[in-house]
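Engineer: Please find the sequence and the predicted model below.
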Amino acid sequence: MPEKEVEDLLSKYKERLRNELEGQDLERVTSREYNEFKNELLPRHFSIYEKACRISEKLLKIDPNKKKLKELQRSIETCHLNITPQGAASFAMLFPLLWMVLGSVIILTMFNAPLFFMMFFIISGLAMMVIFGKLPFFLANSWRLEASNQMVMSIFYVVTYMRHTSNLENAIGFAAEHLTGPLALDFKKVLWDTETEKFSSVKESMDHYLESWRDSNGEFVESFHLIVSSLYEGSESRRLDMLDKSLDVMLEETYEKMLHYAQNLKNPITMLHMLGIILPILGLVILPLVVSFMSDVKWYHLLMLYNIILPVAVFYLGKNILSKRPTGYGESDISKDNPEMKKYRNIVIRLGSQEFFISATAVAVLMFLLLFNLGMMPVYMHAASPEFDIVLGDWLRLLDYQETDRGIVGPYGLGAALISLLVTLSFAVGGGLYYKLKSHNIMKIREETKKLELEFSSALFQLGNRLGDGLPPEIAFSRVAETMKDSPAGKFFELVSSNVNMMGMSVNDAIFDKEHGALVYFPSRIIQSSMKVLSEASKKGTKIAAQAVINISRYIKEMHRVDERLKDILEDIISSMKSQIKFLTPVIAGIVIGITSMITTIILRLNEQMENLKVDTGVGGLSAMTELFGKGIPTFHFQIIVGIYVVQIIAIMTILVNGIENGNDRLNERYLLGTNLIRSGFLYCIVAGIIMLIFNMIAGQIMTL
């Protein structure tokens, strides 16, 4: 065709496209679909960070370190952030500067510029520059951690599909459909880059994507290369052996890397335990003496140290430990995967066939406000009536406010200290109820589903044998249902059979129908994908379907075996951390608070007796002695600070334990947070209350001698 005719043809179609698109930007139109599913899967805080980076780049454009530019760009691409390296560097500099300047201005204008707060804003601002400078790397590591939890499943899905249909593009699409979170987005991006002709083939697009995992997850790259190699095998038996080898490589390498991770985990966990729990809590014992002899130390100094600096440091150390976790297994939040399950994030009240839902957030907030306001009653009572107090003895007073050079300080009374435990309980119970109620119903559904998954491999093996005997799927499901009657797997197959026989559905509809399908009542990705493979393989005959189902059965059993081996490896470390969360930390902190209360009471009463002795005897030399002992920080304030620190540490350690054991399993994390916060919060308050009563009785007896 002459060149002029080719140009005329191209211009003709360009004009037609321009008219149909009505002046829209062609690039935006082609990228719209990818942006839609990207926005659905990306966390909300990513978009906030993206906006902050774009604004910062416009206000103060800073070029990042040239040595780290390539790595920074790779991290941005890894977690699909829509920012530039300059934007990330600008945000890391601009926001901390604003924090330091605005914080210092507020302190200068409102609080007469206490040096402590000025230093806090300056030091924290400098720390933010370092942290925000590394934020893209942290986000990329978090993304890799969450994605790596699905890697074994991704190989399972690809291999399962390719055993009966040797098509890489369809296999990746099948995996993307059944995976969740980051890896699903990554696989869709691989397909999208092929469709938009960024790469000429799926293999080329996949090779580019695998480069990002070569350093951190070599077994994933190796497994995928074996899968791709199976496409070029001329023998069917060699092709299947290559696919089986890819899954074996993934499972064995996963086990080996987790073994090394567990061996190297003891020292970091011990250091975290010492720096985050033992030393800070034991340091509380001497703090009453410090604040008594150093009048410049105030309660807000301890609050900054124990409720901001230490928790942030412990959380940072914990995240570093989790960032080194290798590929593993991770469960998904079925309420995110299945919109129908979202209603069970609330409290469910069943009346007959009706279900009523009460907001879990509302219940948690109401409980928090009730306990918090009850705990703050000593402050409210003193504000309402400064002279009011209830004295039940020399050592048991409700308020006991003291007059000092700085004004009225308190409450120092034991009654106020005991009531302050309700403030700690408000954070523990309020936060615990929020997480517990949000996850309890979903966890019950998931536990039922996991019971089904445990025995599903044997059920699939039986189903494969029935199909191999030449029975059609409709009859094979009913036969397996009879064999496994009253078991979770039997109930699943019975429901499929009932839908076929009673409602006249096809096998496909009996399983996948959105209203009456069996998967509605058993929301499992493994079961869904297994049934999808069965449905696809059945189109090629019962023999192929039978072999596909038997292979899935073997894969599921093998993955479960390796998963159990991984749990055994981590058991020693996990069990010690769980005992710290459930018992040691709240009990040790409760005992320390009791000792602190006794020391504060003794110092306070000793100070009063010296004042009385000076007045009665007129000895001037006692002035120096009375000035030596200050009033110190009231146990009321001290207990609230320590109690909130205990709640924070329990939450951080729970997140760390769940991350080590289960990877990025957010649903189980919320469930464990709810359980541990409530249980450990109550244990701390009970121990602290009993020890305070006993030790103050002893102190009262000592001071009356």
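Structural biologist: Yep, it's here.

Engineer: and Ile694, helix, strand or coil?
Structural biologist: Here Ile694 is recorded as helix under DSSP: H, G, I helix; E, B strand; the rest coil.

Engineer: shouldn't it be in contact with Gly594?
Structural biologist: Yes - counting by Cβ atoms under 8 Å, Gly594 is a contact partner of Ile694 at 7.1 Å. The way it works is simple: take the backbone N, C-alpha and C, and place the C-beta from them, glycine included.

Engineer: Compare those two (neighbour count), which wins?
Structural biologist: Gly594 (23 against 12; other Cβ atoms under 10 Å).

Engineer: surely that one meets Met697?
Structural biologist: No - the pair Gly594 / Met697 is not scored as a contact, 11.1 Å apart, by Cβ under 8 Å.

Engineer: Spit out the contact partners of Asn658.
Structural biologist: Shown in contact with Asn658 (Cβ atoms under 8 Å, 6 or more residues apart in numbering): 665, 668-669, 672.

Engineer: List just the nearest of these to Leu135.
Structural biologist: Distance to Leu135 across the contacts of Asn658 (Cβ to Cβ) is lowest for Glu669, with 21.4 Å.

Engineer: Name the SS class of the closest residue to that closest one other than its chain neighbours, please.
Structural biologist: Once flanking residues are discounted, Glu669 sits nearest to Asn658: 4.5 Å by Cβ to Cβ, 6 or more residues apart in numbering. Secondary structure, three-state DSSP: Asn658 is helix.

Engineer: and what of Ile349?
Structural biologist: strand.

Engineer: most surrounded residue in the contacts of Asn658?
Structural biologist: That'd be Leu672 among the contacts of Asn658, by other Cβ under 10 Å, with 24 neighbours.

Engineer: Which elements pack onto the helix or strand encompassing that one?
Structural biologist: If you go by DSSP states H and E, Leu672 is part of helix 666-704. Other elements packing on helix 666-704 under the criterion 3 or more Cβ pairs under 8 Å, 6 or more residues apart in numbering; DSSP states H and E are helix 414-468, helix 585-617, helix 635-662.

Engineer: quick one: which of the ones you listed is nearest Ser90?
Structural biologist: For Ser90, the closest of the helices and strands packed on helix 666-704 is helix 635-662, at 30.5 Å, according to Cβ to Cβ.

Engineer: Can you list the buried residues in the closest one?
Structural biologist: Of the residues in helix 635-662, 635-662 count as buried by neighbour count, 16 or more other Cβ atoms under 10 Å.

Engineer: now stretch 377-389
Structural biologist: Residues 378-379, 381-382, 389 are the ones in stretch 377-389 that count as buried (16+ other Cβ under 10 Å).

Engineer: circling back to that earlier point, adding distance to Leu272 and pLDDT as columns, could you present the contacts of Asn658 in TSV?
Structural biologist: Shown next, in TSV, are the contacts of Asn658 (distance: Cβ to Cβ, whole Å; pLDDT from 0 to 100):
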residue	distance to Leu272	pLDDT
Asp665	20	76
Asn668	21	84
Glu669	18	87
Leu672	18	91
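
Engineer: Show me which of the residues you listed is closest to Leu414.
Structural biologist: Leu672 (34.5 Å).

Engineer: So what's the residue count around Gln86?
Structural biologist: Around Gln86 there are 17 other residues, counting by other Cβ under 10 Å.

Engineer: quick revisit: what separates the residue nearest to Glu669 from Val520, distance-wise?
Structural biologist: Using Cβ to Cβ, to the nearest Å, Asn658 is found at 28 Å from Val520.

Engineer: Quick one: low-confidence residue ranges for the stretch 301-450 of the chain.
Structural biologist: Across the stretch 301-450 of the chain, residues meeting the criterion (pLDDT under 70) sit at 326-344, 352-353, 388-397, 401-410.

Engineer: ok, so what distance separates the one residue sitting closest to the centre of the chain from Thr78?
Structural biologist: Central residue of the chain (Cα atoms, centre = their mean): Arg666, 4.8 Å from the mean position. Note on Arg666: its distance to Thr78, by Cβ to Cβ, is 20 Å.

Engineer: ok, now Lys203?
Structural biologist: If you measure Lys203 against Thr78 using Cβ to Cβ, the figure is 21 Å.

Engineer: More neighbours: these two, which one.
Structural biologist: Applying other Cβ under 10 Å to Lys203 and Thr78 shows that Thr78 carries more neighbours, namely 20 against 15.

Engineer: can you tell me which residues contact the nearest residue to the more buried one once chain neighbours are set aside?
Structural biologist: Nearest residue to Thr78, sequence neighbours excluded (Cβ to Cβ, 6+ apart): Ala140, at 4.3 Å. By Cβ under 8 Å, 6+ apart, the contact set of Ala140 is 74-76, 78-79.

Engineer: Ala140: which element?
Structural biologist: Per DSSP H and E: helix 135-148 holds Ala140.

Engineer: Need the max-distance pair from the buried residues of stretch 377-389.
Structural biologist: Val379 and Asp389 (13.3 Å).

Engineer: In contact with Pro472, which residues?
Structural biologist: Contacts for Pro472 (Cβ under 8 Å, 6+ apart) come out as Thr542.

Engineer: Now with 6 Å, please.
Structural biologist: Neighbour list for Pro472: empty [criterion: Cβ atoms under 6 Å, 6 or more residues apart in numbering].

Engineer: go on, Gln528?
Structural biologist: Leu519.

Engineer: Can you verify it is assigned to a helix?
Structural biologist: Yes - according to three-state DSSP, Gln528 belongs to a helix.

Engineer: oh, and call the first residue 103 from now on, that's how I've got it
Structural biologist: Got it, the first residue is 103 from now on, which makes the last one we talked about Gln630.

Engineer: what's the spacing between it and Leu281?
Structural biologist: Computed with Cβ to Cβ, the distance linking Gln630 and Leu281 is 11 Å.

Engineer: now the helices for the stretch 253-402 of the chain?
Structural biologist: For the stretch 253-402 of the chain, the helices defined by DSSP state H, counting those that start in this stretch occupy 253-266, 270-280, 283-297, 304-312, 320-332, 338-365, 368-375, 381-385, 389-395, 401-406.

Engineer: now for the ones you listed, which one comes closest to Pro238?
Structural biologist: Per Cβ to Cβ, nearest to Pro238 of the helices of the stretch 253-402 of the chain: helix 283-297, 15.0 Å.

Engineer: Please compute how far that closest one lies from its chain's middle.
Structural biologist: 24 Å (Cα atoms, centre = their mean, to the nearest Å).

Engineer: Only C-alpha atoms, please: export it in PDB.
Structural biologist: The C-alpha coordinates for helix 283-297 follow below in PDB (Å, rounded to 0.1, in the frame of the first residue of the first chain):
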ATOM      1  CA  GLY A 283      -4.600  -7.300  48.600                       C
ATOM      2  CA  PRO A 284      -1.300  -6.100  47.000                       C
ATOM      3  CA  LEU A 285      -0.500  -9.300  45.000                       C
ATOM      4  CA  ALA A 286      -3.900  -9.200  43.300                       C
ATOM      5  CA  LEU A 287      -3.200  -5.600  42.300                       C
ATOM      6  CA  ASP A 288       0.300  -6.500  41.100                       C
ATOM      7  CA  PHE A 289      -1.000  -9.400  38.900                       C
ATOM      8  CA  LYS A 290      -3.700  -7.100  37.400                       C
ATOM      9  CA  LYS A 291      -1.000  -4.500  36.700                       C
ATOM     10  CA  VAL A 292       1.000  -7.200  34.900                       C
ATOM     11  CA  LEU A 293      -2.000  -8.000  32.700                       C
ATOM     12  CA  TRP A 294      -2.800  -4.300  32.300                       C
ATOM     13  CA  ASP A 295       0.700  -3.400  31.100                       C
ATOM     14  CA  THR A 296       0.300  -6.100  28.400                       C
ATOM     15  CA  GLU A 297      -3.100  -4.900  27.300                       C
END
